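**Student:** please work out how this folds:
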Amino acid sequence: MEKKRSRTGREISCPTIGALLRYRTRIVCVIAEARGQRAMIESLDTAGRTFVSTVKWVSLRELDNQLF
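**Tutor:** Below is the predicted model:
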């Protein structure tokens, strides 16, 4: 994993491909690395369809003990 520093001084790192992480209220899977400290994520929308988007690394959080 490549580590960089954000403006706040906190170390951020590129999430590994296939990792399950939390983005806002959703559980997402990282499917690729994008430019500018961003990652492509895959999740399900409210209709159950696959949704792919690009988000910043700092917006992704590790999963807590409870999945849902």
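**Student:** show the subsequent helix or strand relative to the helix or strand harbouring Thr54.
**Tutor:** Per DSSP states H and E, Thr54 falls inside strand 50-56. As assigned by DSSP H and E, the chain's next helix or strand after strand 50-56 is strand 60-61.
**Student:** picking that back up, list the contacts of the strand holding Thr54.
**Tutor:** Under the criterion CB atoms under 8 Å, 6 or more residues apart in numbering, residues Tyr23, Ile31, Ala34, Gln37, Arg38, Ala39, Met40, Ile41, Glu42, Ser43, Leu44, Asp45 lie in contact with strand 50-56. The way it works is simple: take the backbone N, C-alpha and C, and place the C-beta from them, glycine included.
**Student:** again, only using 10 Å
**Tutor:** With contact meaning CB atoms under 10 Å, 6 or more residues apart in numbering, strand 50-56 is reached by 6, 12, 21, 23-24, 26, 28-32, 34-45.
**Student:** Tyr23: neighbour count?
**Tutor:** 17 (other CB atoms under 10 Å).
**Student:** hmm, it is touching Met40, no?
**Tutor:** No - judged on CB atoms under 10 Å, Tyr23 makes no contact with Met40 at a distance of 11.6 Å.
**Student:** I'm done for today, thanks for sticking with me.
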